[in-house]
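Visitor: coordinates only, no sequence provided:
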């Protein structure tokens, strides 16, 4: 297999088409989806594949399906409280679980992901594993632990995902990462994930970690993601670096991580070329290499497109968070 370039790795994660590249192709591709909307909110909140629309047993009065405009609308009253919308969504998903309609719902997490209207208004929430069925924006945190070694230079703590993990099994991962549930703040989520996945105590994180930016991309799921392919996953990831000393041991703390290894930059870059990384984690690592002056416009011919593709403007409403 030919070595993957950094641009190819970014394109593998940000792989929904761009209107600007080919408007006709983009419009044809968009014809494969229904827009997900909520009554009383004019914004499109996500894209649902037509095949998914056909498989759901939509509950009358709860939903309106308009095949002419390819729109699915949750029909709570325009001024309904989020809890009312949540109940409508819960009924639909519970029915799909009972019927075993979708493979992706077999990964039920009992974690809720938020959905926002323009301006950051909280509209509703839904079960995490169902979010790709509706193509909503999801939020997460990724952190990279690193050591400044006197002899070998910069070294990164790299995680190997569990062989039995439902999504992207046995692929390489950042030091710690996770999705933000309803009501979570990026910093609090990062502290929790660092402890749960990498045994990094809260006091070490608070002392050593620093917020370094936000990455956005629009991912079309493939077989490695588990469940149905072609589901959409637009994401916003808040990024943290954690500078650790050799005395700070990074160890698995749950069943999601097989092991950790402390790799040199050359080892990390070789594993990127070999396609060993989970797609969005590869993007986080490329961002790390850029911010630390390892990938530059002088040594990376695709530098400009790489940076742009890692900060994509998403077509759905978003909410703002402070990083700390």
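Guide: That came through fine. Only a predicted model underlies this, so the values are computations on that prediction, with no experimental measurement involved. Numbering: from 1, shown residues only.

Visitor: in its sheet, what does the helix or strand encompassing residue 125 sit against?
Guide: Assigned by DSSP states H and E, residue 125 falls within strand 122-127. Paired strands of strand 122-127, with direction, are strand 112-116 (antiparallel) (DSSP bridges).

Visitor: contacts for the partner strand?
Guide: Contact with strand 112-116 is made by 38, 45-46, 122-128, 131, 136-139, 179-183, 317-319, as judged by Cβ atoms under 8 Å, 6 or more residues apart in numbering. C-betas here are computed from N, CA, C, even on glycine.

Visitor: hmm, back to that, list the buried residues of whatever helix or strand comes next after the strand holding residue 125.
Guide: Under the assignment DSSP H and E, the closest C-terminal helix or strand after strand 122-127 is helix 131-134. For helix 131-134, burial by neighbour count (16 or more other Cβ atoms under 10 Å) applies to 131-134.

Visitor: try stretch 181-189
Guide: By neighbour count with 16+ other Cβ under 10 Å, stretch 181-189 contains the buried residues 181-182, 184, 186-187, 189.

Visitor: check stretch 310-324 too.
Guide: For stretch 310-324, by 16+ other Cβ under 10 Å, it's 310, 312, 315-319, 321, 323.

Visitor: and the two most separated of these?
Guide: Taking Cβ to Cβ as the measure, the buried residues of stretch 310-324 span a maximum distance of 23.7 Å, between 315 and 323.

Visitor: reformat the buried residues of stretch 181-189 as TSV; add pLDDT and secondary structure.
Guide: Compiled in TSV, these are given as follows (pLDDT from 0 to 100; DSSP: H, G, I helix; E, B strand; the rest coil):
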residue	pLDDT	secondary structure
181	96	coil
182	97	coil
184	95	coil
186	96	helix
187	96	helix
189	96	helix
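
Visitor: Throw those residues into TSV and include distance to residue 167, thanks.
Guide: Shown next, in TSV, are the buried residues of stretch 181-189 (distance: Cβ to Cβ, whole Å):
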residue	distance to residue 167
181	17
182	21
184	20
186	21
187	24
189	18
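
Visitor: closest to residue 203 among these?
Guide: Out of the buried residues of stretch 181-189, the member with the shortest distance to residue 203 (by Cβ to Cβ) is residue 187, at 14.1 Å.

Visitor: verify the contact between that closest one and residue 211 for me.
Guide: Yes. Contact criterion Cβ atoms under 8 Å: residue 187 and residue 211 qualify, at 7.4 Å.

Visitor: contacting residues for residue 312?
Guide: Applying Cβ under 8 Å, 6+ apart, the residues contacting residue 312 are 14, 216-218.

Visitor: chain center to stretch 96-104: distance?
Guide: 22 Å (Cα atoms, centre = their mean, to the nearest Å).

Visitor: so which one among the buried residues of stretch 310-324 has the lowest pLDDT?
Guide: Least confident by pLDDT among the buried residues of stretch 310-324: that is residue 323, with 66.

Visitor: any idea which of the buried residues of helix 131-134 is closest to residue 241?
Guide: residue 131 (27.2 Å).

Visitor: tell me the pLDDT of that closest one.
Guide: For residue 131, pLDDT reads 98.

Visitor: neighbours of the closest residue to it other than its chain neighbours, how many?
Guide: What sits nearest to residue 131 in space, not counting adjacent residues and going by Cβ to Cβ, 6 or more residues apart in numbering, is residue 113, at 5.1 Å. Counted with other Cβ atoms under 10 Å, the neighbours of residue 113 add up to 23.

Visitor: same deal with residue 287?
Guide: Around residue 287 there are 24 residues (other Cβ under 10 Å).

Visitor: that one: what secondary structure?
Guide: Of the three states, residue 287 takes helix according to DSSP: H, G, I helix; E, B strand; the rest coil.

Visitor: how near is it to residue 109?
Guide: Separation of residue 287 from residue 109 (Cβ to Cβ, to the nearest Å): 26 Å.

Visitor: how about the nearest residue to the residue nearest to the spatial centre of the chain, chain neighbours excluded?
Guide: Centroid check for the chain by Cα atoms, centre = their mean gives residue 235 as the closest residue, at 4.3 Å. Closest residue to residue 235 apart from its sequence neighbours, by Cβ to Cβ, 6+ apart: residue 138 at 5.3 Å.

Visitor: just to check, that neighbour is in contact with residue 131?
Guide: Yes. Contact criterion Cβ under 8 Å: residue 138 and residue 131 qualify, at 5.5 Å.

Visitor: between the two, which contacts overlap?
Guide: 113, 233.

Visitor: which parts of the stretch 201-324 of the chain are helices?
Guide: Under the criterion DSSP state H, counting those that start in this stretch, the stretch 201-324 of the chain contains helices at 202-208, 265-273, 279-291, 303-309.
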